[in-house]
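In: return a 3D structure for these sequence lines:
(2 chains)
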Amino acid sequence: MSASQAGAPSAPASAAQTHAHVTCPFCGLRCDDLEIARSGQALSVTRNGCDKAKAGFERPLTAAQPRVGGKTVSLGEAIAEAVALIKKAKLPAYGGLATDVDGMRAIMSIADKSRGVVDHAFSEAQGRNIKVLQTSGYFMTTLTEARNRADLFIIASDVHRFHPRFFERIVCNEKSMFADDPPKRTVVFLGEGYDTSAATGTRIGDVVTINCPTHRIGEVVSALRTLKKGAPLPADTIAGVAKAQIEDLLARCHKAEYGVIVWVPPGLDFPNADLTVHQICEFVKDLNVTQRFAGLSLGGNEGASTAASVCAWQSGYPLRVSFETGAPHYDPELYAIPALIASKQTDCLVWLSSFTADLSPPATDIATVVLGSHDLKLAREPEVFIPVGTPGIDHRGQLVRCDSVVSLPLRDLGRDAGLARTVDVLAAIEAAL
Amino acid sequence: MLIKFTGGKIYDPANGVDGQIRDIYVRDGRVVTPAATDRVHQEFNLGGKVVMAGGIDPHSHIGGGKVTIARMMLPEDHRGHEVARGDLTRAGCGHAVPSTLTAGYRYAEMGYTAAFEPAMLPVNARQAHMEMADTPMIDKGAYVMLGSDDYFLRLLAKGGHKEEIKDYIAWSMHAAQALAVKVVNPGGISAFKFNQRKLDLDEKHSFYGVTPRDIILTLGRSLQELGVPHPIHIHGCNLGVPGNKETTLDTIRAAEGTPIHLTHIQFHSYGTEGDMKFSSGAAEIAELINQHKNVSIDIGQILFGQTCTASGDSMRQYGNTKSAHPKKWVVMDIECDAGCGVVPMKYRDKSFVNALQWAIGLEMFLLVNDPWRIFLTTDHPNGAPFTTYPHLIRLLMDKTFRNEMLRRIHPGAQAASILGSLTREYTLYEIAIMTRAGPAKSLGLKDRGHLGVGACADITVYEENPDREAMFTTPAFVFKNGEMIVRNGKIVKVVTGDTHVVRPEYDRKRVEKPLKDYFEAYHTVQMENFRLSDEEITAPGCGHAPGTCGCLVVHPTGARK
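Out: Predicted structure coming up:
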């Protein structure tokens, strides 16, 4: 057991240290096989990272201090100002929500007490799946299951861009639980403009590209369903895809022992994309009547799946919940923070962004309190800025993975940056409310 | 501080106390015998009131991924059941699948002080514990699900690895922080991933070549040899399938005397007689259970209304999707380890099948003689939400009420059931066994479920009332660790319960060497992160003082054989 095991005191920042089995908090896959070397306060990914991990772990610490109105203040003064703004607010909005389980628990408690609204920065994307869950449901699988079992992957989003190690870990892996010499896999890219470069290696058999605009994937899947039911297609091409190509894809689906359709909700970024997710999920259901097939939804970056899960178990509802009446009310349209800001229904925004530098609060003249990573990019100076530690670097924590089944522990990598934990700042704010 | 509970009618079956008037003394959260000279600091006069240990629910889906999927899926079921923040309590909501906070409050308000999540997938253990940590008021714990996980099945398929299997089971209990082990549709969840659509007791898994019988016997005997108090908790093959009573009878015989617990047996007690090819198997199964002292059961009673079924049994839940109400469902294959199925369900008293399911559960309650081997459950939320327990208790204690209810159900089901001819009425003593002493004994919770000296002072006080539903809905007082937490059915203090685990002895080095390589080669989580540390489920620096945080209570196991 290394000194970096959860629960052990962190070594002084001056010492060098290597951490094994580190969970990466920078994307929803939550790869936990990273090795991170620390020298003083500098971190480097020495094994199993991707570009996102490198960018996340290796970015230099900046000397951020709590600020009120742009002026450096003590943490206590910043908290007092945040409390004053929240107290004054008619409807505080708790957004961003890029934090770990404990941070999310703390924000739920504050939102409950201050009768506010909670909404993650990626709720719109995540809502594409949730809408389907609430109307018809789905048949899904998880990462290890797909890694070992799938012989056909239909990739219906630009997966590699969102999750750079997905192919390496789930599709191109050479070993499988169920065969010493596992069969080659077919990979079908359905959509356009995807990075297909990662679908290589000895496990990869046929790679098929079916070009269609991303917003028309649903039509192609709908055509697959039509053919599956034995009905004729209304045209020779659907969304620009020839009928023969759709028939070929259906034949591949039928031949599969265990097929998986993969999508990334933020990658389906067009109006009514939930209908595309719906078509995919219904196609998977159609196939499961006689064979095995499953959906696999990725995403969950910036703590999105963690936020939705904690909100659902504590309030009963997934995100976009208001406590305005004292009780939780759920409405994914009404309680969208961007809409609340635009209509000035909220008069105070509390923004949590503890992972990357990029999840910035929306540009708004509404009073804004930011609990952000030390280098968070800001369009304007918020009324209150409190730099907070990144879970998995500066303190321990837990995060839920994109499949909402597995959750991983996060380490304190011991760089001793003196950054407060989000949960502690929020606890202090709540105590003063 | 010495507290005296004076003059209550005590029902404490573990100590043979059946309604006698006794005084109970509590100090530092425990029942004590004070010295004659000790000064009483606080006294509760309980004259005329009924006193029992706090209720213990041994099978209730209160935490874990599938429950949260159900919560997310059913906003319509929460609406109208929102609970506003109170002076002491947090906001929440829920009917069939309440939010964690609301679930904790409602259990306590009903006089329960512990509930156990019976289906914790090893890979989902971390989240199950997070959710249980956010369930206030009550003690909790969970049974880790094994039997469809690849590692176990491959060990079993290789044959002859008895000690290795025992080590792996013990390791899984440690890694997932479990109190017991459950098997769900033994091997069937895995078989479904290979496109098998059913797996009978002696049917071979198409890949591993093992049968549910092998799996049950191996897990049952291993747990016995590991000294784990609770026997293997079995959700059998063929849940919900007409004719599954044969599987259940065969499973009881297959145990060959090994202790087993058959859970939600109502869902496994169906025959195929009659015009509808659906009949009650309760009488036959109850008779066999009465003969087999190694078998305990809980019922999984259904009660009419909207609920949601949430189970690890992906194979059978997929089969049940055609009955989904409303028409939506989730089924998942999970991590080569387990699965789940979430199917909302509305049980209707005018449906022949639902009405007979209701009658079958009650028949089973009334036909099994030994209350120490039968526990009161609805398999929350699968048969009904746990908030229906007081109603269920009245059905068991009040024959007139039961027969009135029987007359309202589908006439075909009335005719197909012997329920109307059963005159048994449960006594308060028997209810106290079924809801307290029995589950505690079965789970190995030596200081819970009773009121003898040394017991944890979890105490529920009821006003005597011939309407047993009213009586059990609104306890006069509930005490947790000797502190009053509920008065007249309302929360007066919010506390955090303990997490209960057992830790059988095992050779960690021997089991982790191959496991580490296995995780590295096949899994997407490293072995080191799969294991759930104590620090993750306790508040930092808590010092493990019971009742003040989500503390761990490690219960002893017997010696390994």
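In: buried set for the lowest-mean-pLDDT helix or strand in chain B?
Out: Ranked by mean pLDDT, DSSP states H and E, the weakest helix or strand in chain B is helix B:534-537, scoring a mean of 88. Neighbour counts over helix B:534-537 (16 or more other C-beta atoms under 10 Å in any protein chain shown) mark B:536-537 as buried. Heads up, the C-betas are built off the backbone N, CA and C, glycines and all.
In: what's the next secondary structure element after that helix?
Out: Going down the chain from helix B:534-537, the next helix or strand is strand B:552-555, by DSSP states H and E.
In: and the contacts of that next one?
Out: B:139, B:177, B:179, B:229, B:443-446, B:498-503, B:534, B:537-538, B:544, B:546 (C-beta atoms under 8 Å, 6 or more residues apart in numbering or on different chains).
In: please report the number of neighbouring residues for B:His500.
Out: Using other C-beta atoms under 10 Å in any protein chain shown, B:His500 has 24 neighbouring residues.
In: my error: substitute B:Ala91 in the last question.
Out: Here the number of neighbours of B:Ala91 (other C-beta under 10 Å) works out to 27.
In: buried members of the contacts of strand B:552-555 into ChimeraX, please.
Out: Per 16+ other C-beta under 10 Å, the buried members of these correspond to this ChimeraX selection:
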select /B:139,177,179,229,443,444,445,446,498,499,500,501,502,503,537,538,546
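In: quick one: low-confidence ranges for chain A?
Out: Applying pLDDT under 70 to chain A picks out residues A:1-14.
In: measure the residue minimising distance to the centre of chain B to chain A for me?
Out: The centroid of chain B falls nearest to B:His59 when counting by C-alpha atoms, centre = their mean (0.8 Å). Distance from B:His59 to chain A, counting by C-beta to the nearest C-beta, to the nearest Å: 19 Å.
In: then B:Met345?
Out: From B:Met345 to chain A the distance is 13 Å (C-beta to the nearest C-beta).
In: and the stretch 251-400 of chain A, which of its residues are near chain B?
Out: A:257-258, A:288, A:291-292, A:294, A:308-310, A:312-318, A:323, A:325-330, A:396, A:398, A:400 (C-beta under 8 Å from any C-beta of the partner chain).
In: filter those residues down to the ones in helices?
Out: When DSSP state H is applied, these are split such that A:288, A:308-310, A:312-315 fall in helices.
In: which of those residues are buried, as a PyMOL select command?
Out: Selecting only the buried entries of those in PyMOL, with 16+ other C-beta under 10 Å as the criterion:
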select buried, chain A and resi 288+308+309+310+312+313+314+315
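In: okay, the ones in helices among the residues of the stretch 251-400 of chain A next to chain B in CSV with distance to A:Arg149 next?
Out: CSV is the format used below for those (distance: C-beta to C-beta, whole Å):
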residue, distance to A:Arg149
A:Asn288, 14
A:Ala308, 26
A:Ser309, 25
A:Val310, 30
A:Ala312, 28
A:Trp313, 29
A:Gln314, 33
A:Ser315, 35
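In: which one of the ones in helices among the residues of the stretch 251-400 of chain A next to chain B is nearest B:Arg213?
Out: A:Asn288 (27.6 Å; C-beta to C-beta).
In: quick check, the closest one in contact with B:Met315.
Out: No. A:Asn288 is beyond contact range of B:Met315, at 11.6 Å (criterion: C-beta atoms under 8 Å).
In: need the nearest residue in space to the residue nearest the centre of chain A, chain neighbours excluded.
Out: Chain A has A:Gly300 as the residue nearest its centroid, 1.6 Å off, counting by C-alpha atoms, centre = their mean. Leaving aside its sequence neighbours, A:Gly300 sits nearest to A:Gly28 (C-beta to C-beta, 6 or more residues apart in numbering or on different chains; 2.7 Å).
In: who are the neighbours in contact with the one you found?
Out: A:163, A:298-301, A:304-305, A:401-402.
In: quick check: phi and psi at the residue nearest to the centre of chain A.
Out: A:Gly300 adopts backbone torsions of phi 80, psi 20, taken as degrees, to the nearest 10.
In: separation between it and chain B?
Out: For A:Gly300, the distance to chain B - C-beta to the nearest C-beta - is 13 Å.
In: can you pull out the helices in the stretch 351-500 of chain B?
Out: Secondary structure of the stretch 351-500 of chain B, counting by DSSP state H, counting those that start in this stretch: helices at B:352-367, B:389-397, B:399-406, B:411-416, B:428-432, B:438-443, B:468-473.
In: can you list those in JSON lines and add mean pLDDT and distance to B:Cys336?
Out: Converted to JSON lines, those look like this (pLDDT from 0 to 100; distance: least, C-beta to C-beta, whole Å):
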{"stretch": "helix B:352-367", "mean pLDDT": "98", "distance to B:Cys336": "33"}
{"stretch": "helix B:389-397", "mean pLDDT": "98", "distance to B:Cys336": "37"}
{"stretch": "helix B:399-406", "mean pLDDT": "98", "distance to B:Cys336": "45"}
{"stretch": "helix B:411-416", "mean pLDDT": "97", "distance to B:Cys336": "41"}
{"stretch": "helix B:428-432", "mean pLDDT": "98", "distance to B:Cys336": "43"}
{"stretch": "helix B:438-443", "mean pLDDT": "98", "distance to B:Cys336": "29"}
{"stretch": "helix B:468-473", "mean pLDDT": "98", "distance to B:Cys336": "43"}
